[in-house]
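Visitor: sequence? don't have it. structure:
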């Protein structure tokens, strides 16, 4: 009987939109407000369905429309051809660390891994449990502040195996804040990418990839669904005796429906990709917004280099995770506390890097980054 | 500025609580209305947090309180001691079909599997990919309408291996509608139970189990989280070289937090178990309600035996999934269509059994079952 969506002034006490902070969490992370409003509006009862998205069968017409739209949106945003399957899986990137070699690394093969941060290191550790691996790059000595050449001057080189089953890399390292600006050259070796913390931040040349995986809780939705884009002919390498959930071909053949998929997380992914298409205007526009937001913060680092020390080398700075240190631990704690008082949360850096990390994914509004920028300038002035 | 929860009359058009049907889906399935209302109320912004449950870090104080309460609720409801870990995993029962033998079935051991329906059959198929298995019971010849003795008269016997690594059974077969009224005797062999479609429907004697697993989307929450209760000493059997996500010990050591857990699904599980404790009054009370609901429908079958033919043998009828056939396919189609016109959905049986299946999990209100009961009596009268 009322209009759609419900007036936000009618949001229950203690839960109003005015209470929302700027949430710089590295993930799960901020979502577009319009996505949350839509989900809220439909949570008791989806129009025409008679039940909540949380309650309906994954075989129902309503859910099939959702998962098909989510896939179509991803194909449209990224230009994914029919040579590739788009899968909605569970278990996070962590399970992909095992599934990728279980499916793509034959017993007589070896896989190449680049280690450009914490997640690349974990991916390699897990693959080494499954089969033969080679570490073709490791920036450990400089605490993962750089990428190999040509992505980073003096970054060092990779030692690639032209016979490798695949080359695995982490396109954005969430903890260190280093990001590839383009795909590494592989000379024909299939490229496998953990894109978890950047997926959907810009357009991709999908044909350069053999497989891309990304947990959703950065740019693509809530925790609980992992998107895998895989070239179908590569997936055919899998041993048919793999467990059904662990075999990409199970999910390819069934459209991610061999077992009950994480229906709500896929629904939110559908709303997020709807937002990217209809409100943002696609991934070129998203990339421009992201570049603009990141520049605001990196400019502060560059203009206050005596106070803020960026972790990543300038030529491989991430547009998603801006990492920097302050002159002392005391000032870092003070920065985090005062930011919180000013409505900005989750800015503490990961312990392996220290300092501050501002995660500014797709859904972080420009106003949030401007607020942080102003705070950073002011904080340096007062404490520098 | 308004009260909590928001008046339901203010729910947006097309999504009001009055539009809700009685949803007899086998899963994902109906949730308690108060759970949906609470989730809706907090979806834009959790009180005191400044962000949605969908956006907050799994390491945040707010989420840690949620996962700890969810675990404490389960321990309280089921009387789970510290000898057992309670895990919140992803991948559904399907991944457990692989993980259970990967963790508990040593290379020199064999595991016993009871096949009492479609899910037990799949569990065995997956285990056979991992190691040595024995099928100790199979009711295929009678299309899985019964359980072994003593649970079902003339059900046949099991052929147990006293040296088995474990005995696996499916406590409720969702498709066939057969359910164990108690745990099978194992003579010391660890008991492993797929309780997916009955978990939390009644109290359990947990000490009889080595491991219980259940995907949440029947009685415990939405799709996307699978609860595993495992005796810690059994989990120690696992090969340390298993992939981290695939090893129960990873999750035991980290409190299901080695990687990002499915935060929203766990939040809903917390609300559902809050509901069981505070609104229902525990699992004894839940069991009484479930028995009362199921009796309403089975009484109709028994009193109209010339019209409705129950699939399960009377002594092993499920309190969760009531399966029956009508005199013809035409009448089955008519039944389903007229039920829908009367606000009752998802009643079509699985193709392997045919007929009708009414899933009446914990959250299905008595009024929904009474409505179906009245409809069934009326339909038999008019069409018999």
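Guide: Alright, I've got the coordinates. Quantities reported herein were computed from a predicted structural model and do not represent experimental measurements.
Visitor: What's the local residue count around the residue nearest to residue A:370 when sequence neighbours are not counted?
Guide: Counting by CB to CB, 6 or more residues apart in numbering or on different chains, residue A:296 is the residue found nearest to residue A:370 once chain neighbours are left out, at 6.5 Å. From N, CA and C alone the C-beta is placed, and that goes for glycine too. For residue A:296, the count of nearby residues is 17 (other CB atoms under 10 Å in any protein chain shown).
Visitor: and what of the one 3 residues further on?
Guide: A count of nearby residues for residue A:299, using other CB under 10 Å, gives 13.
Visitor: Which residues are in contact with it?
Guide: Residue A:299 is in contact with residue A:373, counting by CB atoms under 8 Å, 6 or more residues apart in numbering or on different chains.
Visitor: Need the pLDDT of it.
Guide: According to the model's per-residue confidence, residue A:299 sits at a pLDDT of 98.
Visitor: That one is in what secondary structure piece?
Guide: Under the criterion DSSP states H and E, the helix or strand holding residue A:299 is helix A:283-303.
Visitor: next one: residue A:81
Guide: Using DSSP H and E, residue A:81 sits in no helix or strand.
Visitor: how deep is it tucked in, by neighbour count?
Guide: Counted with other CB under 10 Å, the burial measure for residue A:81 works out to 9 neighbours.
Visitor: and the spatially most central residue of chain A, what is it in contact with?
Guide: Computing the C-alpha centroid of chain A and ranking residues by CA atoms, centre = their mean puts residue A:197 first, at 2.4 Å. Contact criterion CB under 8 Å, 6+ apart gives A:26, A:27, A:172, A:173, A:174, A:214, A:218, A:219, A:320, A:321, A:361 as the residues in contact with residue A:197.
Visitor: Just give the number of residues close to the first one.
Guide: Spelled out, it's residue A:26. Residue A:26 is flanked by 25 other residues according to other CB under 10 Å.
Visitor: Quick one: residues contacting it.
Guide: Taking CB under 8 Å, 6+ apart as the definition of contact, the neighbours of residue A:26 are A:174, A:175, A:197, A:218, A:321, A:346, A:350, A:357, A:359, B:57.
Visitor: what does the third one give?
Guide: Under the criterion of CB under 8 Å, 6+ apart, the contact list for residue A:172 reads A:178, A:179, A:180, A:195, A:196, A:197, A:198, A:318, A:320, A:321.
Visitor: dump the residue contacts of the residue lying closest to the last one once chain neighbours are set aside.
Guide: The spatial neighbour of residue A:321 that comes closest, neighbours along the chain excluded (CB to CB, 6+ apart), is residue A:177 at 4.2 Å. When contacts are counted by CB under 8 Å, 6+ apart, residue A:177 touches A:311, A:312, A:317, A:318, A:320, A:321, A:322, A:323, A:353, A:357.
Visitor: Please read off the pLDDT at residue A:177 from the model.
Guide: 98.
Visitor: Verify the stated contact: the residue nearest to residue A:370 with residue A:373.
Guide: Yes - with contacts defined as CB atoms under 8 Å, residue A:296 counts as touching residue A:373 at a distance of 4.6 Å.
Visitor: In terms of helix, strand or coil, where does residue A:136 fall?
Guide: Judged by DSSP: H, G, I helix; E, B strand; the rest coil, the three-state class of residue A:136 is strand.
Visitor: My guess is it contacts residue A:111. True?
Guide: No - under the criterion of CB under 8 Å, residue A:136 lies out of contact with residue A:111, with a separation of 9.8 Å.
Visitor: Show me whatever sits in contact with both of the two.
Guide: Taking CB under 8 Å, 6+ apart as the contact criterion, the common neighbours of residue A:136 and residue A:111 are residue A:167.
Visitor: between these two, which one's more packed in?
Guide: Neighbours were tallied for residue A:136 and for residue A:111 using other CB under 10 Å; the higher tally belongs to residue A:111 (27 against 22).
Visitor: isn't there a helix covering the more buried one?
Guide: No - under three-state DSSP, residue A:111 sits outside any helix and is assigned strand.
Visitor: Can you name the residues in contact with stretch A:48-57?
Guide: A:39, A:42-46, A:60, A:62-63, A:66, A:263-264, A:267, B:14, B:19-21, B:23, B:25-31, B:36, B:39, B:222, B:268, B:343, B:345-346.
Visitor: Can you pick out the ones from those that are in helices?
Guide: With helices identified by DSSP state H, the entries of the contacts of stretch A:48-57 that belong to them are A:39, A:42, A:62, A:63, A:66, A:263, A:264, A:267, B:36, B:39, B:268.
Visitor: ok, now how distant is the last one from chain A?
Guide: Right, residue B:268. As judged by CB to the nearest CB, to the nearest Å, residue B:268 and chain A stand 7 Å apart.
Visitor: which outside residues touch whichever strand or helix holds residue A:375?
Guide: Secondary structure from DSSP H and E places residue A:375 in helix A:366-383. The list of residues contacting helix A:366-383 from outside it, by CB under 8 Å, 6+ apart, reads A:22, A:24, A:30, A:289, A:292-293, A:296-297, A:299-300, A:304, A:307-308, A:331, A:334-335, A:338-339, A:342-344, A:347, A:358, A:360.
Visitor: Now list the buried members of these.
Guide: For these, a neighbour count by 16 or more other CB atoms under 10 Å in any protein chain shown gives the buried set as A:22, A:24, A:30, A:289, A:293, A:296-297, A:300, A:304, A:307-308, A:331, A:335, A:339, A:342, A:344, A:347, A:358, A:360.
Visitor: how about the helices in the stretch 51-200 of chain A?
Guide: When secondary structure is read from DSSP state H, counting those that start in this stretch, the stretch 51-200 of chain A shows helices at A:61-78, A:92-104, A:118-130.
Visitor: Surely residue A:238 and residue A:103 touch.
Guide: Yes - with contact defined as CB under 8 Å, residue A:238 counts as touching residue A:103 (4.2 Å).
Visitor: Now the common contact residues for those two.
Guide: Between them, residue A:238 and residue A:103 share the neighbouring residues A:247, A:248, with contact defined by CB under 8 Å, 6+ apart.
Visitor: So between these two, which is more surrounded?
Guide: Under the neighbour definition other CB under 10 Å, residue A:238 and residue A:103 were set side by side, and residue A:103 has more, 23 against 19.
Visitor: Could you pull up the residues touching residue A:275?
Guide: Contacts for residue A:275 were tallied using CB under 8 Å, 6+ apart; they are A:32, A:34, A:35.
Visitor: Can you lay out the residues you listed as CSV showing neighbour count?
Guide: Rendered in CSV, the data for these read as follows (neighbours: other CB atoms under 10 Å in any protein chain shown):
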residue, neighbour count
A:32, 19
A:34, 16
A:35, 23
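Visitor: what bits of chain A have low per-residue confidence?
Guide: Within chain A, the ranges that satisfy pLDDT under 70 run A:1-15.
Visitor: quick check: domain ranges of it?
Guide: Domain assignment for chain A, taken from the TED database, gives A:61-279, A:282-382.
Visitor: most packed of these?
Guide: Between those, domain A:61-279 has the highest mean count of neighbours, a mean of 21, where neighbours are mean count of other CB atoms under 10 Å in any protein chain shown.
Visitor: what is the closest residue in space to residue A:256 that isn't next to it in sequence paired to in the beta sheet?
Guide: The spatial neighbour of residue A:256 that comes closest, neighbours along the chain excluded (CB to CB, 6+ apart), is residue A:88 at 4.4 Å. Beta-bridge pairing of residue A:88 under DSSP bridges involves residue A:227.
Visitor: thought residue A:88 was touching residue A:260?
Guide: No - the pair formed by residue A:88 and residue A:260 falls short of the contact definition of CB under 8 Å, at 11.3 Å.
Visitor: Would you mind listing what in the stretch 151-300 of chain A touches chain B?
Guide: Along the stretch 151-300 of chain A, the residues adjacent to chain B under the rule CB under 8 Å from any CB of the partner chain are A:215, A:217, A:222-225, A:241-246, A:258-265, A:268.
Visitor: List the ones among these that fall in strands.
Guide: residue A:215 (DSSP state E).
Visitor: which phi and psi does the closest residue to residue A:54 other than its chain neighbours have?
Guide: Ranked by CB to CB, 6+ apart and with sequence neighbours excluded, the top spatial neighbour of residue A:54 is residue B:222, at 4.3 Å. Main-chain torsions, residue B:222, degrees, to the nearest 10: phi -90, psi 170.
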